[in-house]
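*Asks:* this one's structure only:
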């Protein structure tokens, strides 16, 4: 089985890896680049735990092959904080206790950040629909939605 | 598994024609990768068509018709400023599929080639009269969307053939389309019944109509009796009842965990009426 050499950018850093064409972007991020913030939940695109952005577009990294990442710009949860400075979304998630076990949290942070970049003033309904592909079995979602709505309000005030 | 990313459809077709074992084309991958991961289908040859020039383009042609590249995603269709004004039913049907994440990858062509009888975008495309360009070893041909699926998971595409463009007709004057589906919740589910309606008016009277049903037969259906029931009418109560009767009569569904035969047959009639009302209002230029 021949391996493919893939050059790509993850969170602004140029990276390279070798992969089998059957390996997903999720496998490559976790096992080759040691970026284990991105989680595997279902592995079939239903739960959103593996959410990343590719060329600014929110996708499930389990539904994309590593070879498809060639030449693309990828953002993962590891790129959300600025060094030790947490992103406002991350601070609000802590403040609102919008997480319990934490497995869904990286995907939800990536998805919520993507929403706020596209729509700085989403309604609660828009937020709930946008995040409908991110399953959480702990929180009941309400704290997550409140954290995202409050972050959106804070970011609007700051801008 | 061999992975190829050819630079043209002719090259993609030749790769598929010469491949042995199971071949799959990769656009958004939202079905192909799920099947791969669940060990349902492990292709021997995987041909990624996204390196072909123009596959992400959404183009309005000089005559008002549209050409969509086979890798244009649902998100790109929904974000397009003009496409949804011409064909709101087609865009909304595509937008119903999966999550935000799935919309970032999923394509009309993939939804069609996956061959699911419950594919949401397919009844909308059938109602709209969409055709696809098929590139194969003997050149290109154009097929109506309703002629692609031949059964659950099966298509009319021969070895070495692949869809290379999606062609949506010009909207034209006094027309409107709509798609509705029934699911037991508000989001993230597969159609129990889907209905696409596309019609054109002369004044208040319907002069052209196409009605399609999804998830009620082994393939998506184009139902002529439904069109006949409303052509020549103003979509009054009598016409709506005739439409519902024709829609229910066309159903040949299965019982499964998402709906019984009886339920699907009943809902097809109800949804056909609701969908036709939306398409009619749109054709009148009203927001619906």
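*Replies:* Good, I have the coordinates. In this text the structure is predicted, and so the values were computed from the model without any measurement.
*Asks:* Let me see the contact set for residue B:171.
*Replies:* B:64, B:86-87 (CB atoms under 8 Å, 6 or more residues apart in numbering or on different chains). C-beta: built from backbone N, CA, C; applies to glycine.
*Asks:* how does it look with 10 Å?
*Replies:* Neighbour list for residue B:171: B:60, B:64-66, B:83, B:85-88, B:128, B:177, B:198, B:200 [criterion: CB atoms under 10 Å, 6 or more residues apart in numbering or on different chains].
*Asks:* Who wins on neighbours among the residues you listed?
*Replies:* residue B:198 (32 neighbours; other CB atoms under 10 Å in any protein chain shown).
*Asks:* gap between that residue and residue B:59?
*Replies:* 21 Å (CB to CB, to the nearest Å).
*Asks:* just residue B:141 next, same as before
*Replies:* For residue B:141, the distance to residue B:59 - CB to CB - is 21 Å.
*Asks:* try residue B:196
*Replies:* 23 Å.
*Asks:* Neighbour count for those two, which is higher?
*Replies:* residue B:196 (31 against 13).
*Asks:* What residues does that one make contact with?
*Replies:* B:89-90, B:93, B:120-128, B:177-181, B:210-214, B:220, B:222, B:272, B:275, B:279.
*Asks:* again with residue A:123
*Replies:* Contacts of residue A:123 (CB under 10 Å, 6+ apart): A:129, A:149.
*Asks:* Repeat that for residue A:148.
*Replies:* Counted by CB under 10 Å, 6+ apart, residue A:148 has contacts A:89, A:92-93, A:96, A:98, A:108-109, A:111-113, A:115-116, A:122, A:124, A:127-128, A:130-131.
*Asks:* Swap in 8 Å and give it another go.
*Replies:* A:89, A:92, A:112, A:115-116, A:122, A:127, A:131.
*Asks:* contacting residues for residue A:137?
*Replies:* A:101, A:104.
*Asks:* Then the one 4 residues further on?
*Replies:* Going by CB under 8 Å, 6+ apart, residue A:141 touches A:128, A:131.
*Asks:* And for residue A:32?
*Replies:* A:17-19, A:66.
*Asks:* Give me the buried entries from the residues you listed.
*Replies:* A:17, A:19, A:66 (16 or more other CB atoms under 10 Å in any protein chain shown).
*Asks:* Looking at those residues, which are in strands?
*Replies:* A:17, A:19 (DSSP state E).
*Asks:* Quick one: neighbours of the closest residue to chain A within the stretch 1-150 of chain B, just the number.
*Replies:* Of all residues in the stretch 1-150 of chain B, residue B:99 sits closest to chain A, with a separation of 2.2 Å (CB to the nearest CB). Neighbourhood size, residue B:99 [other CB under 10 Å]: 26.
*Asks:* That one reaches residue A:49, doesn't it?
*Replies:* No: here residue B:99 lies out of contact with residue A:49, judged by CB atoms under 8 Å, at a distance of 12.0 Å.
*Asks:* For the two, list the residues in contact with both.
*Replies:* residue A:134.
*Asks:* What is the neighbour count of residue 133?
*Replies:* Since you didn't name a chain, this refers to chain A. Count around residue A:133 with other CB under 10 Å applied: 24.
*Asks:* Chain B, not that one
*Replies:* Quick note: residue B:133 (other CB under 10 Å) scores 17 neighbours.
*Asks:* now swap in residue A:5 and tell me
*Replies:* 10.
*Asks:* What residues are bridge-paired with it?
*Replies:* residue A:18 (DSSP bridges).
*Asks:* nearest spatial neighbour of residue B:132, skipping sequence neighbours?
*Replies:* residue B:163 (4.7 Å; CB to CB, 6 or more residues apart in numbering or on different chains).
*Asks:* tell me which element the one you found falls in.
*Replies:* strand B:162-168 (DSSP states H and E).
*Asks:* give me the subset of the contacts of residue A:148 touching chain B.
*Replies:* A:115, A:131 (CB under 8 Å from any CB of the partner chain).
*Asks:* ChimeraX command to pick out the buried ones of the contacts of residue A:148?
*Replies:* A single ChimeraX command selects the buried members of those (16+ other CB under 10 Å):
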select /A:89,92,112,115,116,122,127,131
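*Asks:* could the contacts of residue A:148 go into TSV alongside pLDDT and secondary structure?
*Replies:* TSV is the format used below for these (pLDDT from 0 to 100; DSSP: H, G, I helix; E, B strand; the rest coil):
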residue	pLDDT	secondary structure
A:89	98	helix
A:92	98	helix
A:112	98	helix
A:115	98	helix
A:116	98	helix
A:122	98	coil
A:127	98	helix
A:131	98	helix
